[in-house]
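The sequence and its predicted three-dimensional model are supplied below.
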Amino acid sequence: MAGVWTLCGVYLGIFMIFKNSIASNESSSSWLTVHSDRYFLLLFILFLLLTLFAIIAASFVIAANQISQHRTKKLKNTLVKAGHEVTQSIRRLITKMTRMQYLLLPYDQKTSSRLNVTTHRLGRESRMIRNFVRNHEHSLDVAIQVPYIAHLGIASVNLLLLVAALVLFLLHWQPGLIFIIVFCWILTALCWVLTGFDFFLHIFAEDTCSTFEDFVQEPYNNSLSSLLPCMSSRKSEKILTEIGSTIHDFIGKLNSKITEVCTTMGLSEENFEMLGFKMICDPFSGAPDFNYEPGDCAKDAIPIGKIPDSLTECTMVKNTFSEISLNQCKPFRSSLLWQWASVLSLSISMVFLVFTLILKAYQQRGRNFSICSIFPNRSNSVNVENQNVQ
């Protein structure tokens, strides 16, 4: 629509220049000028109504622009915060596993080496998430700020042009009115560009929120799962299997040593418990899956701590997407829809307003008006009518 409007403006400008150059030596008025003489009041009322409607639409654009920017920033901050929290959780797990690695190094170098490999793999995942958030956070800020400035700038300039058009309409200054028509035509083309852009944003918001809603319902059968390391079954199962295998083998050896020492000391099972000896809890099942099952440990076993649920079940990411889907998607979509409807209303009103200004420019051509008057001076009208008769 913006391209069609621009081409129409170019063709109209060429036509007007060509027509004026041909009719410059003719004294007769045009057909449009003659038949518009009887509609001074009607054209004035139409101009006032369209100007009022355009001012209201521009005000709605500014208000909707503020709201959509606020809600888009809130959505962006929620996603960035989730990325930082996941990174911090992985770093805390890496710190604990590094301590285990150095504690085991003098006694079991094989287990310590396996922990070292797993720690480095977790470190790569953490750096990947951190770099992704860092690289895209600035791009998201720019993507939010540029449309905001564009909407605010075009709506503000539109308000200024509307006020200027109203003043020149009442002053009946023909050259200034022509300039206002040209500027309003250009601004209307920009408004149609924003209309198309906002329509794209609205469709994008609908698709994005639908993806979040599908993720909440089926987290492992969704396009987002391929973008999240903790939601990738291949990656998460491989890392958890390595951790489970390492800890399971080590705790098995440790419990065997405890049993061997107690047997050597001649302690029975009752004496074993009375003296305070306890087995170490092994939260992982056996081969080949090494599933994390902390609830299967004996009640009197010594726990070794828990792997954060946010990593084993990706609950942090799930909760973030659930919060977005339930609490942020609806206002986010409605704000973009409101913004698109406001810009569309402004574009349509500007189209009719520009045509009204063109009619007014033709109507007051060759006539003298008093300031703030609706009808031309009587003597001038008589002269124009005589020219038309001739």
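Structure received. Numbering: from 1, shown residues only.

same question for the strand or helix carrying residue 193, mean pLDDT?
In this assignment (DSSP states H and E), residue 193 forms part of helix 174-217. The pLDDT scores in helix 174-217 average 85.

same thing with stretch 55-62?
pLDDT averaged over stretch 55-62 gives 93.

the helices in the stretch 51-200 of the chain, which residues?
109-171, 174-217 (DSSP state H, counting those that start in this stretch).

Show me what the shortest one packs onto, helices and strands only.
Meaning helix 174-217. If you count contacts as 3 or more C-beta pairs under 8 Å, 6 or more residues apart in numbering; DSSP states H and E, helix 174-217 packs onto helix 2-22, helix 109-171, helix 315-323, helix 329-363. Every C-beta, even on glycine, is put in place using the N, C-alpha and C of the backbone.

hang on, the earlier thing: could you look over the helices of the stretch 51-200 of the chain and pick the most buried one?
Mean neighbour count (mean count of other C-beta atoms under 10 Å) peaks for helix 174-217 among those, with a mean of 18.

related to what we said a few turns ago, which among the helices and strands packed on helix 174-217 is found nearest to residue 90?
helix 109-171 (4.2 Å; C-beta to C-beta).

nearest to residue 195, of the helices and strands packed on helix 174-217?
That would be helix 329-363 among the helices and strands packed on helix 174-217, by C-beta to C-beta, at 4.9 Å.

buried stuff in that closest one?
Within helix 329-363, the residues that qualify as buried are 329, 332-351, 353-354, 356-361, 363, counting by 16 or more other C-beta atoms under 10 Å.

Same check on stretch 86-101?
Buried residues in stretch 86-101 (16+ other C-beta under 10 Å): 86-87, 89-90, 93-94, 97, 100-101.

Could you find the closest non-adjacent residue to residue 72?
Closest residue in space to residue 72, ignoring its immediate chain neighbours: residue 144 at 5.2 Å, by C-beta to C-beta, 6 or more residues apart in numbering.

Distance-wise, check that neighbour relative to residue 71.
10 Å (C-beta to C-beta, to the nearest Å).

before we move on, what about residue 214?
From residue 214 to residue 71 the distance is 21 Å (C-beta to C-beta).

Check residue 140 too.
Taken as C-beta to C-beta, the span from residue 140 to residue 71 is 14 Å.

Among the buried residues of stretch 86-101, name the ones in strands.
Per DSSP state E, strands hold no members of the buried residues of stretch 86-101.

From those residues, pick the one nearest residue 112.
Residue 112 has its nearest neighbour among the buried residues of stretch 86-101 in residue 101, at 5.0 Å by C-beta to C-beta.

For the closest one, which non-adjacent residue is spatially closest?
Nearest non-adjacent residue to residue 101, counting by C-beta to C-beta, 6+ apart: residue 115, 4.3 Å away.

ok, that neighbour - contacts?
Residue 115 is in contact with 97, 100-101, 104, 246, counting by C-beta atoms under 8 Å, 6 or more residues apart in numbering.

okay, those in JSON lines with pLDDT and distance to residue 46 next?
Formatted as JSON lines, these follow (pLDDT from 0 to 100; distance: C-beta to C-beta, whole Å):
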{"residue": "97", "pLDDT": "73", "distance to residue 46": "76"}
{"residue": "100", "pLDDT": "70", "distance to residue 46": "81"}
{"residue": "101", "pLDDT": "72", "distance to residue 46": "81"}
{"residue": "104", "pLDDT": "64", "distance to residue 46": "86"}
{"residue": "246", "pLDDT": "70", "distance to residue 46": "81"}
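
okay, now the domains of the protein?
1-6+37-228+317-380, 233-313 (automatic domain parsing).

Confidence-wise, which of the ones you listed is weakest overall?
Across the domains of the chain, domain 233-313 gives the lowest mean pLDDT, at a mean of 62.

coming back round to it: save the helices and strands packed on helix 174-217 as JSON lines, and put in distance to residue 196 too.
Formatted as JSON lines, these follow (distance: least, C-beta to C-beta, whole Å):
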{"stretch": "helix 2-22", "distance to residue 196": "7"}
{"stretch": "helix 109-171", "distance to residue 196": "12"}
{"stretch": "helix 315-323", "distance to residue 196": "29"}
{"stretch": "helix 329-363", "distance to residue 196": "9"}
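
Of the ones you listed, which is nearest residue 192?
Closest among the helices and strands packed on helix 174-217, using C-beta to C-beta: helix 2-22, at 3.8 Å.

any idea how far residue 112 is from residue 256?
In terms of C-beta to C-beta, residue 256 sits 18 Å off from residue 112.

what do you get for residue 180?
Residue 180 is 79 Å from residue 112, by C-beta to C-beta.

in terms of contact, does residue 164 touch residue 180 like I think?
Yes - between residue 164 and residue 180 there is a contact under C-beta atoms under 8 Å: 5.9 Å.
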